[in-house]
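Asker: Generate a structure from the sequence data that follows.
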Amino acid sequence: MSTSTAPTEAPAPRVTAPTAPPRKVRGRGERGPLASLASHGVLTLASLVAVFPVAWLVYLSLGPDKDDYLHPGRIWSKMTFDNYAFVLQHTNFFDWLKSSLIVSLGTTVIGVLIAATTGYAVSRMRFPGYKKLMWVLLVTQMFPIAVLIVPMYQILSKLQLIDNYFGLILVYCSTAVPYCAWLLKGYFDTIPFEIDEAGRVDGLSPFGTFFRLILPLARPGLAVAGFYSFITAFGEVAFASTFMLSDTKYTFAVGLQSFVSEHDAQRNLMAATAVLVAIPVSAFFYLVQKNLVTGLTAGGTKG
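Answerer: Sure thing, here's the model as predicted:
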């Protein structure tokens, strides 16, 4: 008796549905495509708004006529550098540059030195009235310039400092020192007190500790204070036009006024001078820009 076995069919392969790729989970703080596009668009627009006035000033400075600002479209076909040549050759531009640099750098050095010592003393020492001292410095910023001009003029006149660089530097220091002292006091508070103690253990005097240990660590804060003092002195008009009487001792801000009279305004020359004025400020900003952000943020973290 023969037995036959029927061939068994192979099992059909299982068909699996394609699996969807795992959904990417967005991390905290990670922007989506639309949010990134919107933020870049806003930043681009803000950059254009910030750059446009500067570009417009440069464009107007290339117009040969004083009334070209009324018809800016005509400047494109007749651009020239004659305005810059006239300002450099036929005005007291270099005297204004010398006066501005003397006053601005003098205010920066003297003002930052006084502010640094004041801020360090209030940050580290607990003498009677140290809190009131800082509040008094803050109150001095509340007085308008118009109120201060007359008494300051009388004081400088008695000291024979009218039409004198040093007198104007002292006036600017009275404005820059209170703000810079508050700024540096906050920055010195972020420096550990153990560094002062280590300096004293090594035999340094309080002044030695301050100049050799603390000031190098406070470089970002000093950069911010120096930049503020420089800009304040470089662009101020009211004090400079009142206390400086000689045309050769005018600062840039006052020298620009010589292009405007009662019946005439040479706006093309003003624009060219303003562009030239921006060069020293831009150079100073470039030198301290690495420390500006650090100094501005660290000064407000404590104290």
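
Asker: Please tell me how far Ala265 sits from Thr190.
Answerer: Separation of Ala265 from Thr190 (C-beta to C-beta, to the nearest Å) stands at 49 Å. For every residue, glycine as well, the C-beta is placed using N, CA and C.

Asker: ugh, wrong one, I meant Ala218
Answerer: Counting by C-beta to C-beta, the separation of Ala218 from Thr190 is 9 Å.

Asker: what about those two, which has more around it?
Answerer: Using other C-beta atoms under 10 Å, the more surrounded residue of Ala218 and Thr190 is Ala218, with 24 against 16.

Asker: Ile191 is in contact with that one, correct?
Answerer: Yes. Judged on C-beta atoms under 8 Å, Ala218 makes contact with Ile191 at a distance of 6.7 Å.

Asker: For Val260, grab phi and psi.
Answerer: Per-residue torsions, Val260: phi -120, psi 120 (degrees, to the nearest 10).

Asker: Next, the contact list for it, please.
Answerer: Counting by C-beta atoms under 8 Å, 6 or more residues apart in numbering, Val260 makes contact with Gln266, Met270.

Asker: what's across from it in the sheet?
Answerer: Listed beta-bridge partners, Val260: Ala265 (assigned using DSSP bridges).

Asker: Which secondary structure element of this protein has the lowest mean pLDDT?
Answerer: Every helix and strand in the chain was compared by mean pLDDT, DSSP states H and E; the lowest is helix 267-298, with a mean of 77.

Asker: what's the distance between it and the middle of its chain?
Answerer: Distance of helix 267-298 from its chain centroid, counting by C-alpha atoms, centre = their mean, to the nearest Å, is 7 Å.

Asker: Output stretch 57-77 as PDB, nothing but the C-alphas.
Answerer: Presented in PDB, the C-alpha positions along stretch 57-77 are these (Å, rounded to 0.1, in the frame of the first residue of the first chain):
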ATOM      1  CA  LEU A  57      24.000 111.200   5.300                       C
ATOM      2  CA  VAL A  58      26.900 109.900   3.200                       C
ATOM      3  CA  TYR A  59      24.700 110.300   0.100                       C
ATOM      4  CA  LEU A  60      23.800 113.900   0.900                       C
ATOM      5  CA  SER A  61      27.500 114.700   1.500                       C
ATOM      6  CA  LEU A  62      28.300 113.900  -2.100                       C
ATOM      7  CA  GLY A  63      26.000 116.600  -3.400                       C
ATOM      8  CA  PRO A  64      27.900 119.700  -4.600                       C
ATOM      9  CA  ASP A  65      25.100 122.200  -3.800                       C
ATOM     10  CA  LYS A  66      23.800 123.300  -0.400                       C
ATOM     11  CA  ASP A  67      20.200 122.800  -1.600                       C
ATOM     12  CA  ASP A  68      20.600 119.300  -3.000                       C
ATOM     13  CA  TYR A  69      18.900 117.800   0.100                       C
ATOM     14  CA  LEU A  70      15.700 119.200  -1.300                       C
ATOM     15  CA  HIS A  71      16.100 117.300  -4.500                       C
ATOM     16  CA  PRO A  72      18.100 114.100  -3.500                       C
ATOM     17  CA  GLY A  73      17.400 112.400  -6.800                       C
ATOM     18  CA  ARG A  74      19.600 114.900  -8.700                       C
ATOM     19  CA  ILE A  75      22.700 114.000  -6.600                       C
ATOM     20  CA  TRP A  76      23.200 110.700  -8.300                       C
ATOM     21  CA  SER A  77      24.200 112.200 -11.600                       C
END
